[in-house]
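>>> what's the 3D shape of this:
(2 chains)
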Amino acid sequence: MFQAVCSSAGKSTLTAALCRHLARKGIDVAPFKAQNLSLNSFVTEDGGEMGISQAFQAWACGIEPDVDMNPILLKPKGEGGMQIVLHGRPLKDIDQNGERADIGELLGHVSDSFSRIKGRHDVIVIEGSGSPAEINLRGRDVANMATAKIAGSPVILIGDIDKGGVFAGLYGTYNLLDESERAMVKGFIINRFRGDASILGPGIERLESEMSCPCLGVMPYARLRSPAEDSMEIGKQEADASGGDVREVWLRSLDDFTDVFERSIDMLALEELIEKGP
Amino acid sequence: MIDCDAKVREELAKGDIGENRQCEYYPCHFDGQNCSLCFCPFYPCNDPALGTMVESKKGGMIWSCEGCFWTHRQDVVKDFYRLFKASSEDPSTENLSKIKSELERTHLKDAKRVMVMGATSGAGKSLLTTALCRHFSDLGYRVSPFKGQNMSLNSTVTAKGEEIARAQDLQARAARAEPNARMNPILLKPIKDDISQVIVEGKPFKDMNVKQYYDEFALGEGVKAIARNLDVLRKINDIIVIEGAGSPAEINMMDKDITNMRTAEIADAVCILVVNIEWGGAFAYAYGTLMLLSEEQRRMFKGIIITNLHGGKGSLSSGEEFLRSSTGVPVLGVLPHIDLDLPDEDSMFIGMRKRRSDRLTVGVVRLPRISNFTDLDALSLSGAEVRYIDRPEEVSEVDAVIIPGTKSTVDDLRWLNERGMADALRKMRGSKPILGICGGYQMLGETIDDMKGIEGGVGKVYDGLGLLPVRTYFDAYEKRTVQASGNLISDRSKAVRGYEIHMGRTVRDGGSELFELEGPEGRHSEGIVSEDGMVFGTYLHGVFDLPAFRELFLSRSKITLAELKDEDYSQVVERSLDRLARALEENIDLDRLHDAMGVPK
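Numbering: from 1, shown residues only, chains lettered A, B, ... in the order given. Predicted coordinates:
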């Protein structure tokens, strides 16, 4: 499972790349994200609504999108209110100060969907949501550590170096988790790096010892043309006037991106983690 | 032997004479000093904050105030004469020392320092520094911003022709101070890959790559430039608001980072950590940043400020309490997201402004090395919408086109050609107005002569777009940085102002001159407009800040501007600065910050 130190750190793209990598090796793989906060949704063949990122990740796996890959979709409506879409169907609208969703009930739905997906595929690549270390959301965060525990999966933390402060972000996130959660973190990745990665050496070494887990690699800044998930990405999309089916353009771009991923990340260590489990 | 008492009496009678640049000793204390109190009425003040006992040339000890700037500050002199007049011009030692203690209460002899550092880039450091500058200025203090080293392509030119980052220029405006190179002694302007032009104290010093910069410059001359300029600012201000760069906790290069903790230590400043909550993970970033510093460094932090909160505050108190107990640093408040009309600092925010499609649209070519795109901010004040374009077909979707400044004219001209933009622009010529600013101006001409390889690396003459009858020559590694103001030649009552930052010179052999300018070298004409009035070129950055040229340029596109509102951009900026300072005061516990800094109540 990929979790990250903040939003837009590259969780969805690295999830898609790992899906693609495994699919290219002939492994039966599927994506999963328990809860997605996004206005960019996709509709499955049977009319279920889900996050478009998970649909894209499904195509990366060479399979059709299924609402079980994203059982909860939250669609912000402004003023802090949002629509909850559960298993592909709108459940209800909630507002900022109104009733809160029952976390236990939501986790039950997550668990149901995950069991179904797991039953149909050999490997599941899971994506977290936002940061797992939001102290003010403690006990109410469905999509990160709670999902990792349901799935019994090792967790890899992603830090975005493009924003600066990546070491502080990783160190802080790790240390704000509780002990049982920290034990699930098996590695970290530094994403979106520009320049010569050797200058990061002393920083990475210190983090490896502070976090008792290895750095699985430094992913260079690489463009991926994929469906944008949230408003912060507007305007960052690369222009492409090639015409044709955009899904094919996305997948072609993902293939290039996956090549970079395979070159930059310690794939042996990553596959060993997948094999071994938590 | 000079009769000092007589000299003092003379001065007191004369009043405030300001700077005396004719004096052969000017500046005997600091550049910009007030010379009225040349013979100090407080001498010998025996104030250890202002001077010291030294051995006299004739033997024995004597009071020396060679290093004192305080009585030569413009604000101190002004108040001195005000108080002196109010006390019936009584020249007795007793009255003068009463005046001195009165002055000391409002004019601090050693400026109080606060430093704003960020957990990430874009955390809101710059904005918060700007807000603090305006806040302290509103309290009546003499305030200066400071950023030891800034990496930015958006620079501006001070009245003295020094080049500094736009961010510090704006902060100076917030502080109501004259912008100068002391506020930003090192400016790095990325050229390509890992090479930057290093500007020291406002003047180009050298082009360096990252390794050279850190190995040969930063820890030696770089640190010295920071310390030297901070030292002067401390003596001539009441408050210095210092901004860090990036994150202070980049543990792979902490020993080389001169802009964060190193500057804080040199300045012995009270530090504030800013963290942007919009991206999530704010508490983790704040905790991680503080805990990766040494304990001594961590103790310099007196507060955390959370910025950019969208929507309600919800319940952040558990996170705030956690940060205070685990790091020892309290959260001073949460600053909500505010929409302000201030120039953008980072290219990151290009294109993220809200758009309305029912307006006149100006297409700005998004060059790969685009610089000074802050020039375009003012267009919205004439109702125009700015849209960044980089595909040929987009040229037909806009009402006017601007080729902005670039850090590399030759490389970006090649990009225009390869991209098909050059052909698209030639095709639209005459139907819509086109403007080239600085590098864009050079591109619009017939040729760019770089036979010495100064701009492109190899000796060559490049073909321009051929839309303006001008030729540009790069014949020396010289950079022109001047401010100028004047008027349109087509209508002398219409004012323009701006500043030039460029290498190369451009020669016109057709069309008409655009502006009549007054600058440090006297009157001259600048810029060009084509015969048919549809293609413009100028070196003047900030050319749209005043309405006259905005209107002229936009009036050449089809849509009428009759009902569109217009305003001087600087008034809009002023209002934004005030709103920003009020938001700071409403949301942040500033009493606590004042106490930590030792700002008098």
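
>>> for the helix or strand harbouring residue B:205, packing partners?
For residue B:205, the element it lies in under DSSP states H and E is strand B:203-209. Strand B:203-209 sits against strand B:195-200, with contacts defined as 3 or more CB pairs under 8 Å, 6 or more residues apart in numbering or on different chains; DSSP states H and E. For the C-beta atoms, the positions are set from N, CA and C on the backbone; glycine is no exception.

>>> What residues of the helix or strand that the strand holding residue B:205 is followed by count as buried?
Counting by DSSP H and E, the element after strand B:203-209 in chain order, helix or strand, is helix B:210-212. For helix B:210-212, the neighbour count (16 or more other CB atoms under 10 Å in any protein chain shown) marks B:210, B:212 as buried.

>>> Skipping its backbone neighbours, what lies nearest the residue in the stretch 101-250 of chain A that chain B sits nearest to in space?
Residue of the stretch 101-250 of chain A nearest chain B, by CB to the nearest CB: residue A:172 (2.6 Å). Closest residue in space to residue A:172, ignoring its immediate chain neighbours: residue B:288 at 2.6 Å, by CB to CB, 6 or more residues apart in numbering or on different chains.

>>> just checking, the one you found touches residue B:251?
No. Here residue B:288 lies out of contact with residue B:251, judged by CB atoms under 8 Å, at a distance of 10.1 Å.

>>> Quick one: residues contacting residue B:493.
Contact partners of residue B:493, counting by CB atoms under 8 Å, 6 or more residues apart in numbering or on different chains, are residue B:487.

>>> cool, and residue B:421?
B:365, B:390-392, B:395, B:415.

>>> same thing but at 7 Å, please
B:365, B:392 (CB atoms under 7 Å, 6 or more residues apart in numbering or on different chains).

>>> Which residues of the stretch 151-278 of chain A lie near chain B?
Counting by CB under 7 Å from any CB of the partner chain, the stretch 151-278 of chain A comes close to chain B at A:163-165, A:167-169, A:171-173, A:175-176, A:195, A:199-203, A:206, A:235, A:239, A:241.

>>> thinking again about what came up before, mind checking the SS state of the residue nearest to residue A:172?
Put simply, residue B:288 is helix when judged by DSSP: H, G, I helix; E, B strand; the rest coil.

>>> low-scoring pLDDT stretches of the chain, where are they?
No chain in the question, so chain A it is. A:77-81, A:96-99, A:227-246, A:278 (pLDDT under 70).

>>> if you could check chain B rather than the one you did, that'd help
Those would be B:1, B:311-314, B:341, B:343-358, B:558-569, if you go by pLDDT under 70 across chain B.

>>> Mind naming the longest helix for it?
Counting residues, the longest helix in chain B under DSSP state H turns out to be helix B:569-587.

>>> one step back: am I right that the residue of the stretch 101-250 of chain A closest to chain B is in a helix?
Yes. Counting by three-state DSSP, residue A:172 is found in a helix.

>>> what about it, neighbour count?
28 (other CB atoms under 10 Å in any protein chain shown).

>>> Please name the residues that touch residue B:226.
Per CB under 7 Å, 6+ apart, neighbours of residue B:226: B:148, B:185, B:258, B:263, B:266.

>>> Hmm, the second one is touching residue B:201, no?
This points to residue B:185. Yes. Using CB atoms under 7 Å, residue B:185 is in contact with residue B:201, at 5.3 Å.

>>> For chain B, what lies in contact range of chain A?
B:119-122, B:194, B:246-247, B:249-253, B:279-281, B:283-285, B:287-289, B:291-292, B:311-312, B:314-316, B:318-319, B:322, B:351-352, B:390-391.

>>> redo that, cut-off 6 Å
B:119-121, B:246-247, B:249, B:251-252, B:279-281, B:283-285, B:287-289, B:292, B:311-312, B:315-316, B:318-319, B:322, B:351-352, B:391 (CB under 6 Å from any CB of the partner chain).

>>> related to what we said a few turns ago, how far is the strand holding residue B:205 from where the chain is centred?
19 Å (CA atoms, centre = their mean, to the nearest Å).

>>> quick one: strands adjacent to it?
Counting by DSSP bridges, the strands paired with strand B:203-209 are strand B:195-200 (antiparallel).

>>> Give me the contacts around the strand it pairs with.
Contacts to strand B:195-200, defined as CB atoms under 6 Å, 6 or more residues apart in numbering or on different chains, come from residues B:163, B:186-191, B:205-209, B:225.

>>> Buried only: go through the residues you listed for me.
For these, buried by 16+ other CB under 10 Å: B:163, B:186-191, B:208, B:225.

>>> Can you lay out these as a markdown table showing distance to residue B:49 and secondary structure?
As requested, these are arranged in a markdown table below (distance: CB to CB, whole Å; DSSP: H, G, I helix; E, B strand; the rest coil):
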| residue | distance to residue B:49 | secondary structure |
| --- | --- | --- |
| B:163 | 34 | strand |
| B:186 | 29 | strand |
| B:187 | 32 | strand |
| B:188 | 35 | strand |
| B:189 | 38 | strand |
| B:190 | 42 | strand |
| B:191 | 44 | strand |
| B:208 | 39 | strand |
| B:225 | 25 | helix |
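
>>> Taking those together, which two end up most distant?
B:191 and B:225 (20.4 Å; CB to CB).

>>> List the buried residues in the longest helix of chain B.
B:569, B:572-573, B:576-577, B:579-581, B:583-584, B:587.

>>> What's the first helix or strand after that helix?
helix B:590-597.

>>> which strands and helices sit next to that following helix?
Using 3 or more CB pairs under 6 Å, 6 or more residues apart in numbering or on different chains; DSSP states H and E as the contact test, no helix or strand touches helix B:590-597.

>>> Check which residues of it are buried.
Buried, per 16+ other CB under 10 Å, within helix B:590-597: B:590, B:593-594, B:596-597.

>>> go on, stretch B:475-492?
Per 16+ other CB under 10 Å, stretch B:475-492 contains these buried residues: B:481-489.

>>> Show me which of residue B:185 and residue B:201 is the more surrounded one.
residue B:185 (26 against 18).

>>> Distance of that one relative to chain A?
22 Å (CB to the nearest CB, to the nearest Å).

>>> likewise residue B:519?
If you go by CB to the nearest CB, the gap between residue B:519 and chain A works out to 37 Å.

>>> ok, that residue touching residue B:486?
No. Using CB atoms under 6 Å, residue B:519 is not in contact with residue B:486; the gap is 8.3 Å.

>>> And stretch B:222-234, what's buried?
So, applying 16+ other CB under 10 Å, buried residues of stretch B:222-234: B:222-223, B:225-227, B:229-230, B:232-234.
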